[in-house]
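**Student:** below are the sequence and a predicted model for it; my questions follow.
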There are 6 protein chains.
Amino acid sequence: MRILVVNPNSTASMTARIGAAARTVAAPGTEIVATNPPGGPASIEGYYDEALAVPGMLAEIERQQRDGVLAGTVIACFDDVGLDAARSLATAPVVGICEAAMQTAGLLGGRFSVVTTLARSVPALERLAQHYGMAGRCTIRAAGVPVLALEDPASGAVERVRAEIRRAVEQDGAETIVLGCAGMADLARNLSDEMGLPVVDGVTAAVKLVEGLAALGLRTSKVGGYAPPLPKAR
Amino acid sequence: MRILVVNPNSTASMTARIGAAARTVAAPGTEIVATNPPGGPASIEGYYDEALAVPGMLAEIERQQRDGVLAGTVIACFDDVGLDAARSLATAPVVGICEAAMQTAGLLGGRFSVVTTLARSVPALERLAQHYGMAGRCTIRAAGVPVLALEDPASGAVERVRAEIRRAVEQDGAETIVLGCAGMADLARNLSDEMGLPVVDGVTAAVKLVEGLAALGLRTSKVGGYAPPLPKAR
Amino acid sequence: MRILVVNPNSTASMTARIGAAARTVAAPGTEIVATNPPGGPASIEGYYDEALAVPGMLAEIERQQRDGVLAGTVIACFDDVGLDAARSLATAPVVGICEAAMQTAGLLGGRFSVVTTLARSVPALERLAQHYGMAGRCTIRAAGVPVLALEDPASGAVERVRAEIRRAVEQDGAETIVLGCAGMADLARNLSDEMGLPVVDGVTAAVKLVEGLAALGLRTSKVGGYAPPLPKAR
Amino acid sequence: MRILVVNPNSTASMTARIGAAARTVAAPGTEIVATNPPGGPASIEGYYDEALAVPGMLAEIERQQRDGVLAGTVIACFDDVGLDAARSLATAPVVGICEAAMQTAGLLGGRFSVVTTLARSVPALERLAQHYGMAGRCTIRAAGVPVLALEDPASGAVERVRAEIRRAVEQDGAETIVLGCAGMADLARNLSDEMGLPVVDGVTAAVKLVEGLAALGLRTSKVGGYAPPLPKAR
Amino acid sequence: MRILVVNPNSTASMTARIGAAARTVAAPGTEIVATNPPGGPASIEGYYDEALAVPGMLAEIERQQRDGVLAGTVIACFDDVGLDAARSLATAPVVGICEAAMQTAGLLGGRFSVVTTLARSVPALERLAQHYGMAGRCTIRAAGVPVLALEDPASGAVERVRAEIRRAVEQDGAETIVLGCAGMADLARNLSDEMGLPVVDGVTAAVKLVEGLAALGLRTSKVGGYAPPLPKAR
Amino acid sequence: MRILVVNPNSTASMTARIGAAARTVAAPGTEIVATNPPGGPASIEGYYDEALAVPGMLAEIERQQRDGVLAGTVIACFDDVGLDAARSLATAPVVGICEAAMQTAGLLGGRFSVVTTLARSVPALERLAQHYGMAGRCTIRAAGVPVLALEDPASGAVERVRAEIRRAVEQDGAETIVLGCAGMADLARNLSDEMGLPVVDGVTAAVKLVEGLAALGLRTSKVGGYAPPLPKAR
């Protein structure tokens, strides 16, 4: 089965790390196609970047879908950028990494905290938590780390994430931690071991959910809000 | 004061009708600049159309903002398309017509019902109602009318809207009606008179809210989720 | 247009300040009639004062309504005292200043905090926030200032309000501040400038909402909970 | 122990029936003092009547409290009229009959429906249900019966209540019924037997709650919103 | 009237203290039958203990019900262990002590805090608070006291509870305190006096609620989720 | 990897069908161990059956865990019977089929409806929906089918389920259907094809979630409510 993992920003090094993380959990027989739009924002830090990134990402999904059968798509940005539009467009399932990570955390414990990058992203994630029914059991925190600092080992970003996780455990009563950026995908396993509680990354969680939906033969419902786009001038 | 009323779809006749409706309520001294992006979807009927319309709309806001001081912007699509991105981008207030209409309905009675165009738009509006804190007091209904049918007097669209309003009063206990599409902006006053209860249109409601914010000297807060976009490759 | 701004307490100096604040934002052609009942509580600090103030306030609204056409009424007490009864009684729209300020804050940012006078008023305001659908995005705080201390420049009240605003920004993640007492109406603009984020006063916000409703030709719905009082012995 | 049952409307025949119902459940040793203010609305049908009834009711509570030790007070109007003000004023517990009936229904089954008098009262009761945390499990219905029709056996009021109960069972999945008016206090027991499910009346439920609080030695907390009124001109 | 107070754990000394507390508030003519299952967990500290305690508790209720008419049953464990099953099984009302205490606190003030034993019990109580509609107004805290330490005056348990109550008042804005363990039943009255705000114990509160339901002639509704168990192999 | 699928009732033919359904979706290399406790209720239809089934189910999980490494456990009863206790006890992840099906439906569309067996189970499932954050987007319906009728092809049970699905689509606006009983596990795929929208079964969905958690190296958090049982007499 072929799963598209689309990074909606245009930073190829981040796409490569995301793809590598996805492959660490993919089942034998699952091919991970990691991609990003050729242009658009270099990172997604706020609503404006989100809005500009979506059309390129949708074009990329459309192109990949035309090129061969997809078992499903993972949108590898924690804001679940363009998720609804992608569900309308795609014939196979689409899973966002915020949604995937929050669902997975929901299976592992009670309260959880999300550690994301910049404070400006917190309101968007609080809104997603409300939409996914998780607002009553999660807290959103920012580590004060720009997205692309995660690409730079010398930035001290990981240490900031670690410190914020500690605060979440002490102050929020978090039983589980969710890493709130696709660029943190490779940190989850080590942090789980180190911290002694589950640390969930959305990219890897979403890959397993897409594999699961494919095995179950389930696809996005097309009888409501995700009906295919109507033909019209665009 | 100059208020930008931006129709995010590319149908100029609809922009003209929206602008005309806006001018019927504008205060003396308010100039309404009604515009739409030069391209993009001809109408917004679902998440995919929304996503494709936003970048053109943001460019239009940016261009108008560069061309002269704006007192504020009204986004004239009931899905509040790109509202958060526009708030990050703009220096003056931005108001969505769904938000404006729901707030206004909240001042006039208890339960209200929204009558929108197509069933596929209902889930997006239910989510907005939840986000605006109105989910407990409103019902979303579709009249089964394509957006552009509202441009065609022979389409029977108005009669369908009227019938759906009647069902809302009988079945939902609606005390107030909200018209759920910018293309219905010119219907509100007549329907109010005819139905004997307030019928709210979001375009005109939003114009008055923007005028109000300008008079109060209030602008979008830039210390949280609506911080200005960071400089980066886009 | 004539707008009644009714201070439900009987302190005329406070009414004068409220009226003056209202006039700073009123449109040309809007006449502000600021009034208070001849008797009743000198200030409204808790549920008991609220209850005793309402009949006098309703009588005042009735009297003013008889004396000439009102475009609408603003109830200038942050507890939205008697708002529902006034809506039943009045033929024109009625807006409460808590409702107006919370709606206005909702247009300007995500989370906001209300800074009110005494701790005893916090539970009533938390209930209003829940009723207006804002409980998930606002925090209510008290500055520990009796209402009438706001009438006395030497009381240190303003400095306490300022300190509480700082705590709201640091501890609540507030993007916007709402001043939670009609007696603070004249502080908003300076505090906005000083604090670098929007500070909303309900009196001025409500005046603009009433002007807006009047321009839109919208009145309270009379088909539900705000039906006119039935004729009976009272 | 002496329990004050105060009917906030001025219809003495209704007070007498309420007092009689209260006495059917009072424990040996409990004296029921049923009273109403000397003036004010003859019945409470909407927010305006509520507002006008409260000061007289508070004066009555104050007078009775001065005249002798009260174990507690029941406010015998289903809108829980003036409940918060009465709690601030009284030194002993105060229980509203809506609150009492909803709590009692919560002990007896899952979903319940309230059958009240007129449609205009539904919004106020929906708000109370939200405030008491019961909105997710109850439905409010009106039988279309004016309050004082309940005083008149020839009015057909009881048959209308019965029909509305049947609709609640069929359409709402109600496991329990709450009678939504103090004037229905004497109907509960017969309707329970007839309908085969619990039918709860708030007057009798509240009497038992007040007796319980007295036995437990519990009084209204005075450290928050129910702090005693501050000394001031009123 | 005979009320069964069943302690679902098997510690007889705790049952004796619970029974004694129940008797301090029982009306003349109420007989308290305090009992516990002959085996099962010695204390209930977490979901696993809950699950193992329930069948023995249900057998005990069944046995007592067979032995003589019960006016109702109190389940004396703050997790409301097996409450729904007991309601299905029993013919008379069943009240849980968490439910009883939260309802009672709801009559006495606004926000309240629960002080329970161990941190591991907090998530279960947060879920109960959500189910009872109290999540918006209560905070759950643990004093770090094992259940059976409450049986040992030398354990320092009471001092820890006292310290946690102080934190609840300072940090949560609690107007009322709920003691979150049946083993604390005898502490409530002294702590109320000492702390100057109502401290509610669930055992005694539940006894009064059961007495009340019996006086009202109300029993569990059997038309929905609490229908009697179907005949089948078990 | 070895996954335990435990049917908490004692009907071996149902266990066999559940196991067979689980195997249709299991990945190569996944061994499904389908089991049920040796005794206890033959079917789970209400809270009483739930309570009696749990200890046997927990003993079965403990025995299987002792006999060999488990990758995780699926609790194959739609009431998520004993899920919290099992999570405390087990070292590997535990997933309930209600939780799994609701999460999966959440990935496929907006509103969904659950079609369960008997009306008496509806309240328990409504409570689970609330706990999982899905109450705002799902409706629970009963087909009026006893659990064991699903074992009998001549019972007409499947036709009743089909009819209830049709009502859900027409009346609830369901975009996705969830089958609300482990005994319906083998119906999902055919009903999806027939109805033209996704029909989700919890058993198969849960198997994929457990496989996913195992691949991700994630286990139940033990730092909060799911801490291991304390040593004590049981």
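**Tutor:** Perfect, I can see it now.
**Student:** every contact and neighbour count from this point should use C-alpha atoms.
**Tutor:** Will do.
**Student:** just the closest residue of chain A to chain F, please.
**Tutor:** residue A:133 (3.9 Å; Cα to the nearest Cα).
**Student:** the longest helix in chain A is where?
**Tutor:** helix A:47-67 (DSSP state H).
**Student:** mind giving me the domain ranges of chain A?
**Tutor:** Chain A breaks down into these domains under automatic domain parsing: A:2-97+A:205-216, A:98-201.
**Student:** the ones you listed: which one's closest to chain C?
**Tutor:** Nearest to chain C among the domains of chain A is domain A:98-201 (6.7 Å), distances taken as Cα to the nearest Cα.
**Student:** does that closest one reach chain E?
**Tutor:** Yes - using Cα under 8 Å from any Cα of the partner chain, domain A:98-201 reaches chain E at residue A:110.
**Student:** quick one: that domain to chain centroid distance?
**Tutor:** Chain-centre distance of domain A:98-201: 12 Å, with Cα atoms, centre = their mean, to the nearest Å.
**Student:** which residue, other than its chain neighbours, is closest to the residue nearest the centre of chain A?
**Tutor:** Per Cα atoms, centre = their mean, the C-alpha nearest to the average position across chain A is that of residue A:97, at 2.4 Å. Distances taken as Cα to Cα, 6 or more residues apart in numbering or on different chains put residue A:202 closest to residue A:97, at 4.2 Å, once the chain neighbours are dropped.
**Student:** and the one you found, how many residues sit next to it?
**Tutor:** Neighbour count of residue A:202, defined by other Cα atoms under 10 Å in any protein chain shown: 33.
**Student:** any chance you could map the helices in chain A?
**Tutor:** Here chain A has its helices, by DSSP H, at A:12-25, A:47-67, A:83-89, A:97-108, A:122-131, A:157-167, A:188-195, A:202-216.
**Student:** turn these into TSV, columns for mean pLDDT and distance to residue D:74.
**Tutor:** What follows is the helices of chain A, written out as TSV (pLDDT from 0 to 100; distance: least, Cα to Cα, whole Å):
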stretch	mean pLDDT	distance to residue D:74
helix A:12-25	97	63
helix A:47-67	97	53
helix A:83-89	98	52
helix A:97-108	98	44
helix A:122-131	97	39
helix A:157-167	97	47
helix A:188-195	96	54
helix A:202-216	98	54
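**Student:** turn the ones you listed into TSV, including distance to residue C:45.
**Tutor:** TSV is the format used below for those (distance: least, Cα to Cα, whole Å):
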stretch	distance to residue C:45
helix A:12-25	57
helix A:47-67	41
helix A:83-89	48
helix A:97-108	43
helix A:122-131	34
helix A:157-167	38
helix A:188-195	49
helix A:202-216	49
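**Student:** on that earlier part again, output the domains of chain A in JSON lines; the columns should cover distance to residue E:168.
**Tutor:** Output for the domains of chain A, formatted as JSON lines (distance: least, Cα to Cα, whole Å):
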{"stretch": "domain A:2-97+A:205-216", "distance to residue E:168": "35"}
{"stretch": "domain A:98-201", "distance to residue E:168": "15"}
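**Student:** what pLDDT does residue A:153 get?
**Tutor:** pLDDT, residue A:153: 89.
**Student:** how close does residue A:98 get to chain D?
**Tutor:** Using Cα to the nearest Cα, to the nearest Å, residue A:98 is found at 27 Å from chain D.
**Student:** circling back: grab the nearest non-local neighbour of the residue of chain A closest to chain F.
**Tutor:** residue F:133 (3.9 Å).
**Student:** surely that neighbour and residue A:131 touch.
**Tutor:** No - using Cα atoms under 8 Å, residue F:133 is not in contact with residue A:131; the gap is 9.0 Å.
**Student:** so for these two, which sits in the more crowded spot?
**Tutor:** Per other Cα under 10 Å, whichever of residue F:133 and residue A:131 has more neighbours is residue F:133, with 22 against 19.
**Student:** that one and residue C:177, how far apart?
**Tutor:** 30 Å (Cα to Cα, to the nearest Å).
**Student:** now swap in residue A:233 and tell me
**Tutor:** Per Cα to Cα, residue A:233 is found 44 Å from residue C:177.
**Student:** and these two? Which one has more around it.
**Tutor:** Using other Cα under 10 Å, the more surrounded residue of residue A:233 and residue C:177 is residue C:177, with 31 against 11.
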